[in-house]
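Student: no FASTA, just this:
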């Protein structure tokens, strides 16, 4: 099992740990301490040994921050986790703030005098965050006390094992491009920007750049490491005490120096001493990296990180790999949906469904991991957008409800991410109306033709307008990028109301996932992955849908749909049938035949 | 006549003026001099006495910049004016660069050593531009030489008269809100931001804030002046030698100190001496204002200028005024369109059409000015998006061509801006197809329902998708804000592919103007003004179309349109008929009856 169902939050820990933290703060002579959710690699999924915020507060959300003072503990919560934070933390010990509306640096400005000496660990904050705190006008003096290590690390008894596993090469048949070529392309970008060096602090960047993978981060096949790349294409990679196999050494070759992370700081300072110009994006550059560079004399050139765009544009080998991974994933999903249809009434729980789905995926030996903890939400739990089913929250599936399942697999060929919403028994008219509008939005986006130089945010409305026409909307983005056997969320492209300008280019992979949610009642989401490709129409682009899994027709109200929308759905289902049926057992194929017949 | 048709560009002047400028540069000991198009008030329409770029180069575009060095003259051109710049300037004297792709500060970085002492007048550049030049890493030393006055001002013989006209009050029946209330609202915003003072350097800001208008800028009824506003709502207004009438003095009251612009710098320095905190948006703050403040000791707080958003949200009185202005404008447009239909074949030129249209508008005494030089483009001239007809470019209207006319009026009640495209004789199938797609885009935007917290850029695709579906697009934005008897282009809201996040709010007025252009052949644009209002649907917003003028049905291919699109058009035409027909002569009404009958 790749996933656990243990309750992670714990409302009992804060009353014990906040005093320990305050005692340590006294010793350090600080009256404020930041505890961010981010770890020293700015990972999206935080390895357990870096879950400092969870240790300190008992709050298990995937974003947030804590500010401890002698007489207060301010928990900054992402809007998605408001409810969860209240359940997992004792209100008598905390003040609560909205992380986005009032991040810690603004709170410090708006609450002059509550902190006079602020401790923070410069490994756990981007330089951008630190600059915000430094550059704000404070009405009362605020002294910043950078700390090399976070004080919690000393206090944390029974800290989870941080042993790393040996990284391994990611073969050219999956990456489609040799690391030396990738390094040269980025090196050329550095030269163009007048820079000598760039530092990659996030393990996913190194994984892509060096074509290596690892097993140190939940559901993301990366090793905890960092890389410094020079404009000539040579690099130095810093591992966290990993075993380095001969295979890896030979894979990396002589142009990549292998080192240990204990040498990382000295290496950065040697860049400064050599008066190098370093390309830095302060938003993804940890403070300690920035400081080591600038204090040792390096010239900082602020610019976007060129790796992020190059990684986002998949090559032909990767796109073909994604297609194959989606065939594997589609086979598992069909088996699961058939099983669900035939068994949901037999006292099945959300956790049972997760186990069955994972088992079906694992029937294919190619499965390496799931790409994130499966969201398995029945009835009201379907309305919790980032629901994680635990022993405590687990519900039995029940007739007349909707069941939302958002899951994905990690295959060497690519990463998948799919959501289907299934009617358990006969759905009511409201659910059918809402589901159909979500589907219309999904189709509107899937079928769009657009010119080059179109950013994802321009297309976002296509997924929302059928809901807007009924006065409805959903409170999340519509599409995120996905890595190749890497992070299931990957920039720079996205489809959302607010997003940076990133023109969509052939080879970019995105999710297409409109939804609709009624708190306490039900949730709907339909998610496929798509890849941008050239359209047959001159100078235009379009999406190819990669995900191959039927969409529940019992939830569709055909009278709402246009002929073109129905034709899209029928074509899609026909493609699902044609591609998957040869790979299925006869009984699964019979089920799929029925699930993919034309709508009308 | 509010408009002239004189040829403004002049390819003969540069060879004479560049040497004069270079001689003056020698005297000033500088080897680089910037000549921006912007004037000292950052006006959109530059008064003739501030057209320094035109004087130096002969190029008459409404955007651009010149960098003069001892042996080169680099003209930075906005993409809209590439062709025009080549026609109006002798190529042997210039290098040409794209103003957006390579603005002067980037050119200076990319051409190290070509300039070592750069002169610029700190009145004519925003502090943002100056910061860009200052903060760029230059490979060769670049010394900046700020100049109090631009050297061209001394060289310019026969400089146009810069006499100002007396400003006058803008009555509460048009503004809908007393200046003291506006000043208090912005004062409260200053307090919220922790600032004491804000400086308004653009005359349109002062006009709105103090409810005054003037006659110093072409087509924009403002006086050349600046205002310093304090958080307590008191202000000091600095006029450029204007006659100040007793009426104006009494209108401004005792809370607004009236001063002359010669005292402006001292006043700014007194803010610094008093250790005031000043709210500054560097993008709209001229360098000399920023420098006077910061050098004298003021604390600069960078933030958005709160006036811009408050001005953008029209109050009920203003919206009602816009409705009345559009009835006036609709009457003139109907007369004009009838005249055009009956006379285009009678040897009529583009200039004749402009004169007739202005005459029809002027039949209503309420007309104060046109809101910009009318774009009157027949056949290929219609494809020039910012076409200005001159004696040199003037064409006769001719059968089988399209005629595009984009114009507007300044009424005390509001500013109008409308584009119609008319078939002269029978249009061909391609034109009908393209026109219908532009109309479908126009309707898609006009009819949308959207939730609060929607920015204009999210809606932009609605105006483009019918064109995208045929592999087509247009290279301009879809909508801009409009002032109340003020600038015809006014922020902060807009509808475009790329735009800042500005949620649309009830009372915001925007243009809705998709188009399509084939260079050398024809141009199509359909433009109405719309105002954001609450929808009958709960918690949703929608647009009310303000402009009342028929759309040429002979250019519509009904088979392309959906039933809903046709219903929108028929409803719109019905509203035009109902509103305007009582105000028309019998013969004009008969024409309008025909022009507004249902499409099918």
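Tutor: Looks like it arrived, so ask away. These numbers come from a predicted model, not from an experiment.
Student: So residue A:160 is in contact with residue A:49, correct?
Tutor: Yes. Using CB atoms under 8 Å as the test, residue A:160 is close enough to residue A:49 to be in contact (4.5 Å). Just so you know, the C-beta spots here come from the backbone N, C-alpha and C atoms, and that holds for glycine as well.
Student: how about the residues of chain A near chain B?
Tutor: Selection of chain A residues close to chain B by CB under 8 Å from any CB of the partner chain yields A:137, A:139, A:194, A:299, A:301, A:448-451, A:453-455, A:457-462, A:465, A:468-469, A:471, A:473, A:497-498, A:501, A:537-540.
Student: are any of those residues buried, and which?
Tutor: The neighbour-count test (16 or more other CB atoms under 10 Å in any protein chain shown) marks A:194, A:299, A:301, A:448-451, A:454-455, A:457-462, A:465, A:468-469, A:473, A:497, A:540 as buried among these.
Student: What segments of the stretch 301-450 of chain A are helices?
Tutor: With DSSP state H, counting those that start in this stretch applied, the stretch 301-450 of chain A shows helices at A:306-312, A:316-343, A:350-362, A:429-446, listed in chain order.
Student: Who are the packing partners of the third one?
Tutor: For helix A:350-362, the contact count by 3 or more CB pairs under 8 Å, 6 or more residues apart in numbering or on different chains; DSSP states H and E identifies helix A:316-343, strand A:367-370, strand A:375-378, strand A:402-407 as packing neighbours.
Student: now for these, which one comes closest to residue A:487?
Tutor: Closest approach to residue A:487 among those (CB to CB): strand A:367-370, 12.0 Å.
Student: Could you give the average pLDDT over that closest one?
Tutor: The average pLDDT within strand A:367-370 is 98.
Student: show me where the stretch 1-150 of chain A has helices.
Tutor: A:14-28, A:52-57, A:82-88, A:104-110, A:127-135.
Student: mind listing which of the buried ones among the residues of chain A next to chain B are in helices?
Tutor: The members of those that map onto helices under DSSP state H are A:457-462, A:465, A:468.
Student: Can you add pLDDT and give those residues back as TSV?
Tutor: Listed next are these as TSV, based on pLDDT from 0 to 100:
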residue	pLDDT
A:457	98
A:458	98
A:459	98
A:460	98
A:461	98
A:462	98
A:465	98
A:468	98
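Student: Show me which of residue A:160 and residue A:49 is the more surrounded one.
Tutor: residue A:49 (17 against 12; other CB atoms under 10 Å in any protein chain shown).
Student: residues near the nearest residue to the more buried one once chain neighbours are set aside, how many?
Tutor: In space, and not counting its chain neighbours, residue A:49 is closest to residue A:162: 4.0 Å by CB to CB, 6 or more residues apart in numbering or on different chains. By the criterion of other CB under 10 Å, residue A:162 has 13 neighbours.
Student: if I pick residue A:162, what's in contact with it?
Tutor: Shown in contact with residue A:162 (CB atoms under 8 Å, 6 or more residues apart in numbering or on different chains): A:47, A:49, A:240.
Student: Let's verify it: helix, strand, or coil?
Tutor: State at residue A:162, reduced to three classes by DSSP: H, G, I helix; E, B strand; the rest coil: coil.
Student: In three-state terms, label the closest residue to chain B within the stretch 501-600 of chain A for me.
Tutor: Of all residues in the stretch 501-600 of chain A, residue A:537 sits closest to chain B, at 4.5 Å by CB to the nearest CB. Recorded secondary structure, residue A:537: coil (three-state DSSP).
Student: What of the one 5 residues further on?
Tutor: Remark: residue A:542 carries the secondary structure label strand [criterion: three-state DSSP].
Student: about what we covered before: and the helices of the stretch 301-450 of chain A as JSON lines, adding mean pLDDT and mean neighbour count?
Tutor: Shown next, in JSON lines, are these (pLDDT from 0 to 100; neighbours: other CB atoms under 10 Å in any protein chain shown):
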{"stretch": "helix A:306-312", "mean pLDDT": "97", "mean neighbour count": "21"}
{"stretch": "helix A:316-343", "mean pLDDT": "98", "mean neighbour count": "20"}
{"stretch": "helix A:350-362", "mean pLDDT": "98", "mean neighbour count": "20"}
{"stretch": "helix A:429-446", "mean pLDDT": "98", "mean neighbour count": "22"}
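Student: Tell me which residue in the stretch 351-500 of chain A sits closest to chain B.
Tutor: Nearest residue of the stretch 351-500 of chain A to chain B: residue A:471, at 4.5 Å (CB to the nearest CB).
Student: pLDDT weak spots in chain A?
Tutor: A:137 (pLDDT under 70).
Student: ok, and the closest non-adjacent residue to the spatially most central residue of it?
Tutor: Using CA atoms, centre = their mean, the residue of chain A that lies closest to the mean C-alpha position is residue A:489, 3.4 Å off. Residue nearest to residue A:489 in three dimensions, not counting chain neighbours: residue A:480, with 5.0 Å by CB to CB, 6+ apart.
Student: same check, this time on residue A:471
Tutor: residue B:537 is the one closest to residue A:471 (CB to CB, 6+ apart), at 4.5 Å.
Student: With residue A:412 instead?
Tutor: The nearest residue in space to residue A:412 (CB to CB, 6+ apart) is residue A:174, at 5.1 Å.
Student: In three-state terms, label that neighbour for me.
Tutor: helix.
Student: how near is it to residue A:244?
Tutor: Taking CB to CB, to the nearest Å as the measure, residue A:174 falls 21 Å from residue A:244.
Student: More neighbours: those two, which one.
Tutor: It is residue A:174, of residue A:174 and residue A:244, that has more neighbours when counted by other CB under 10 Å, with 19 against 14.
Student: I'd say that one and residue A:484 touch.
Tutor: Yes. Between residue A:174 and residue A:484 there is a contact under CB under 8 Å: 7.1 Å.
Student: Common neighbours of those two, please.
Tutor: Joint contacts of residue A:174 and residue A:484 (CB under 8 Å, 6+ apart) are A:318, A:321, A:413.
Student: Distance to residue B:440 for those - can I get that in TSV?
Tutor: Putting the shared contacts of residue A:174 and residue A:484 into TSV (distance: CB to CB, whole Å) gives the following:
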residue	distance to residue B:440
A:318	38
A:321	40
A:413	42
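Student: ok, of those, which one's closest to residue A:531?
Tutor: So of these, ranked by how close each gets to residue A:531 (CB to CB), first place is residue A:318, at 9.4 Å.
Student: give the contact list for that closest one.
Tutor: For residue A:318, the contact set (CB under 8 Å, 6+ apart) comprises A:174-176, A:414, A:484, A:507.
Student: Which member of those residues is positioned nearest residue B:419?
Tutor: So of the contacts of residue A:318, ranked by how close each gets to residue B:419 (CB to CB), first place is residue A:507, at 38.9 Å.
Student: Now do the contacts for the closest one.
Tutor: A:313-316, A:318-319, A:531-533.
Student: how close does it sit to residue A:176?
Tutor: 10 Å.
Student: count of neighbours near the nearest residue to residue A:132 once chain neighbours are set aside?
Tutor: Computed as CB to CB, 6+ apart, the closest residue to residue A:132 that is not its neighbour in sequence is residue A:105, at 4.1 Å. By the other CB under 10 Å criterion, the neighbourhood of residue A:105 contains 19 residues.
Student: I'm done for today, thanks for sticking with me.
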